[in-house]
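Peer 1: mind looking at a prediction? Sequence and model below.
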Amino acid sequence: MLEIAAIKRARGLAGYDAKREEEMLQTLTSSSSGPFGPADVKEIFKTIFRASLDLQNLERRKGMRVLSPDLVPESGFLVGDVPIGGPEPVLFVGPCSVETAEQIEAIAEFVARIPGPKILRAGAFKPRTNPYTFQGLREEGMRLLRDAADRHGLVVVTEVLDTATVDVVAEHADMLQIGARNMYNTELLKAVGRVGKPVLLKRAFMATLEELLLSAEYILAGGNDRVVLCERGIRTFERTTRFTLDIAAVPLLKQEVSLPVIVDLSHALGRKDIMLPCAKAALAVGANGLMIEIHNRPDQALSDGFQQFDLKEFAVFLDNLGHHAATVPEPALGGRNG
Ligand code: PEP
Ligand code: MN
């Protein structure tokens, strides 16, 4: 069957052509002189045809770059100078949005003192559900984020919302984030596939894992192999968490691909009280990193204030997680950091 498919491909014929299949069926049923009537012949033909298509799809899937086992080495790959996908999990921490120079400076200063691999996250271009809420500082936010990161030697990830701003985001960020709302934006996926910077690809609210992998395939097909997959919760009937954290996604993805997989706990849960056990669960099932939103003044945050740890809370959280416990930083005293 695969040979037939190969011959069809070589002759430029489609794998499936409704008119051609119908004509073949007609010829078969009209020339059948054996014990089977036309209905039986039709049934047998359709079964063979379905099996052949399934086989072709399986073959095509095997050829996907995202499934190559040697895409990422054991030691992971670099985002700036931070290895991800290797033995040590990476913390993706920072505010939901860049808001002011003082805010991002206070948070960057704190993040820089967290031991171990970490990446500063913050949105400048924000994909808000409500058009009347804070939409991000855009280019100005990108500059503030880059400056604060540079002052503290940090690597940054930030979201790119559309193809028009890929260049400006790629110029300032070390890693480009494709948000959940854009996982299906194939033009944007192609555009970040052409950029020489790693990409953090978030799973859409309603996406299957297969769809997430196909979106990653778009980026890889463009020539960019440095893709990190992010489980950030999916939409279910459950209302006690903001989304439903699909913890099984982590081992399932890791069974299929060698790309690093991280878990965004803040957006999945939308609450802080169960962040610690869920973080432990994510690490226990093999997550290569955790994304958590933190803010120096969550009560004054312009977006997602309710789910962001303040700096003290986050230090306690890390301590409880057993993250290099002895050296978890105290937030700087005074100012707006309290
Ligand atoms: C974010 O990380 O800032 C964000 C908007 O997340 P998501 O795309 O997962 O909703
Ligand atoms: Mn947020």
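Peer 2: Good, I have the coordinates. Ligands and ions are numbered 1, 2, ... in the order given.

Peer 1: where along the stretch 1-150 of the chain do the strands fall?
Peer 2: With DSSP state E, counting those that start in this stretch as the criterion, the stretch 1-150 of the chain has strands at 77-79, 82-84, 90-94, 118-121.

Peer 1: in the helix ranked longest in the chain, which residues are buried?
Peer 2: When the chain is parsed with DSSP state H, its longest helix is helix 38-62. Going by neighbour count (16 or more other C-beta atoms under 10 Å), the buried part of helix 38-62 is V41, K42, S52, Q56. All C-beta spots, glycine's among them, are computed from the backbone N, C-alpha and C.

Peer 1: tell me the predicted confidence for the last one.
Peer 2: Pointing back at Q56 there. Per-residue confidence (pLDDT) for Q56: 85.

Peer 1: run through the residues that contact whichever residue of the stretch 201-338 of the chain sits closest to ligand 1.
Peer 2: Taking C-beta to the nearest ligand atom, ligand 1 has its nearest neighbour within the stretch 201-338 of the chain at R232, 3.9 Å off. By C-beta atoms under 8 Å, 6 or more residues apart in numbering, R232 lies in contact with A180, K202, R203, F243, V263, D264, H267, A268, M291.

Peer 1: now neighbour count, distance to ligand 1 and pLDDT too, for the residues you listed, in a markdown table please.
Peer 2: Below are those laid out as a markdown table (neighbours: other C-beta atoms under 10 Å; distance: C-beta to the nearest ligand atom, whole Å; pLDDT from 0 to 100):
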| residue | neighbour count | distance to ligand 1 | pLDDT |
| --- | --- | --- | --- |
| A180 | 23 | 4 | 98 |
| K202 | 26 | 4 | 99 |
| R203 | 26 | 8 | 99 |
| F243 | 20 | 8 | 98 |
| V263 | 29 | 11 | 99 |
| D264 | 25 | 6 | 99 |
| H267 | 23 | 4 | 98 |
| A268 | 26 | 8 | 98 |
| M291 | 27 | 7 | 99 |
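
Peer 1: and those as CSV, adding distance to L91 and secondary structure?
Peer 2: Formatted as CSV, those follow (distance: C-beta to C-beta, whole Å; DSSP: H, G, I helix; E, B strand; the rest coil):
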residue, distance to L91, secondary structure
A180, 20, helix
K202, 17, strand
R203, 19, coil
F243, 20, coil
V263, 11, strand
D264, 12, strand
H267, 15, helix
A268, 16, helix
M291, 8, strand
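
Peer 1: next one: the nearest residue to G153 once chain neighbours are set aside relative to ligand 2, how far apart?
Peer 2: Of all residues not flanking G153 in the chain, A112 sits nearest, at 6.3 Å (C-beta to C-beta, 6 or more residues apart in numbering). Shown here: A112 relative to ligand 2, a distance of 21 Å by C-beta to the ion, to the nearest Å.

Peer 1: would you confirm that A112 contacts V155?
Peer 2: No - A112 is not in contact with V155 according to C-beta atoms under 8 Å; the separation is 10.7 Å.

Peer 1: these two - which one has more neighbours?
Peer 2: V155 (21 against 16; other C-beta atoms under 10 Å).

Peer 1: wait, isn't the more buried one in contact with R146?
Peer 2: No - counting by C-beta under 8 Å, V155 sits too far from R146 to count as a contact (10.9 Å).

Peer 1: mutual contacts of those two, please.
Peer 2: Joint contacts of V155 and R146 (C-beta under 8 Å, 6+ apart) do not exist.

Peer 1: what are the ranges of the helices in the stretch 101-250 of the chain?
Peer 2: All helices of the stretch 101-250 of the chain, identified by DSSP state H, counting those that start in this stretch, fall at 101-112, 138-151, 166-172, 186-193, 209-221, 249-256.

Peer 1: got the contact list for whichever residue of the stretch 151-300 of the chain sits closest to ligand 1?
Peer 2: Taking C-beta to the nearest ligand atom, ligand 1 has its nearest neighbour within the stretch 151-300 of the chain at G179, 3.0 Å off. G179 makes contacts with P127, E159, L161, K202, as judged by C-beta under 8 Å, 6+ apart.

Peer 1: dig out what the second one forms beta bridges with.
Peer 2: Partner residues in beta bridges with E159, using DSSP bridges, are Q177.

Peer 1: neighbours of it, just the number please.
Peer 2: There are 24 residues near E159, going by other C-beta under 10 Å.

Peer 1: now for it: which residues touch it?
Peer 2: With C-beta under 8 Å, 6+ apart, E159 has these contacts: G123, A124, F125, K126, P127, V169, L176, Q177, I178, G179.

Peer 1: next, the last one: phi, psi?
Peer 2: Per-residue torsions, G179: phi -80, psi 170 (degrees, to the nearest 10).
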